[in-house]
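Q: Sequence plus the predicted model coming up.
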Amino acid sequence: MARYKAILRYDGTHFAGFQRQAQTRTVQSEFERALRKLGWQGVSILAAGRTDTGVHASGQVIAFDIDWPHPTQSLLKALNTELPEDMAVSAVDLTPADFHPRYMAVSRRYHYRVFCAAERNPLRERFAWRVWPEPQIQMLVEAAGMTKGVRDYTAFGAPTRPGGHTIREVQYATWHEDEDGLNFEITANAFLYHMVRRVTFIHVRIGQGLVSIDDYQQALECGKSLISGLAPPQGLALVEVIYPPGSDTLATN
């Protein structure tokens, strides 16, 4: 029996979030179903985080214990054979027996996609938020720069458990523009519930002139109330979970 780490990609459109739920299709339930076909007898996989309904991932990290007397590459291929079309494993590695993808993570990186158009575009709206009028990119960049730091983000999300604290460290935040639209990248040691979607929503409203930079600064500094709203889930993707060197993989010869 050994512990393995897998990097999981999924299109969250048809999942009711990550966490297993009774009689509802979730990422966890589908992955565990595939694992059982390979002889897994565990109770529950471990995950770096629980994405919401409709949220995507290209770098979700999960861990599980299994007796697999074959190379790790064959486990990757076997999993992808059993997983549904909207899920795939991109890497599998042996890990230390005490590796936990959530509690050992030092940071997580999310990416949010926005495109600007007055009319609907079904070919793009599966993976991005359509906004109009177009936000000013310089205002988005300014807001992102203000977001970084260690502070109480109570105005931008809820604790992930009852009674939990709302202090987080945002290590990196930026907007950039390319031919596909506007892209927000944010990295933190951890996130509050709905925090990335809330921050994204406020940034876009700042870029559209509907929220002032001064009010945003006060929300960051003292929890000032801002207009309600969340960016929709389909623009959001978990792209990377970062661990201390050597903590998440075993050296192989």
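A: Arrived safely. Numbers count the residues shown, from 1 in each chain.
Q: Please count neighbours and contacts with C-alpha atoms only from this point.
A: Will do.
Q: Output the helix or strand where residue 112 lies in PDB, but only the C-alpha positions, please.
A: Using DSSP states H and E, residue 112 sits within strand 107-116. Listed next in PDB are the C-alpha coordinates belonging to strand 107-116 (Å, rounded to 0.1, in the frame of the first residue of the first chain):
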ATOM      1  CA  SER A 107      -0.300  28.600  -1.600                       C
ATOM      2  CA  ARG A 108      -2.900  28.200  -4.200                       C
ATOM      3  CA  ARG A 109      -3.300  29.900  -7.600                       C
ATOM      4  CA  TYR A 110      -6.500  30.700  -9.400                       C
ATOM      5  CA  HIS A 111      -7.300  32.100 -12.800                       C
ATOM      6  CA  TYR A 112     -10.400  34.000 -13.800                       C
ATOM      7  CA  ARG A 113     -11.300  34.700 -17.400                       C
ATOM      8  CA  VAL A 114     -13.500  37.600 -18.600                       C
ATOM      9  CA  PHE A 115     -14.500  38.600 -22.100                       C
ATOM     10  CA  CYS A 116     -16.200  41.800 -23.100                       C
END
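Q: Which is the succeeding secondary structure element to it?
A: strand 129-131.
Q: Which strands or helices does the strand holding residue 112 pack on?
A: Contact here means 3 or more C-alpha pairs under 8 Å, 6 or more residues apart in numbering; DSSP states H and E; on that basis strand 107-116 packs against strand 129-131, strand 181-188, strand 236-242.
Q: Direction included, what does it pair against?
A: Its sheet considered, strand 107-116 pairs with strand 129-131 (parallel), strand 181-188 (antiparallel), strand 236-242 (antiparallel) by DSSP bridges.
Q: can you put these in JSON lines and add distance to residue 172?
A: Listed next are those as JSON lines, based on distance: least, C-alpha to C-alpha, whole Å:
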{"stretch": "strand 129-131", "distance to residue 172": "22"}
{"stretch": "strand 181-188", "distance to residue 172": "5"}
{"stretch": "strand 236-242", "distance to residue 172": "13"}
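Q: do you know which of those lies nearest residue 100?
A: Nearest of the strands paired with strand 107-116 to residue 100, taken as C-alpha to C-alpha: strand 236-242 at 11.9 Å.
Q: Would you mind listing the outside residues contacting that closest one?
A: 48, 51, 55-61, 105-113, 127-128, 197 (C-alpha atoms under 8 Å, 6 or more residues apart in numbering).
Q: Whichever of the residues you listed end up buried, select them in PyMOL.
A: Filtering these down to the buried ones (16 or more other C-alpha atoms under 10 Å) takes a single PyMOL command:
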select buried, resi 48+51+55+56+57+58+59+60+61+105+107+108+109+110+111+112+113+127+128+197
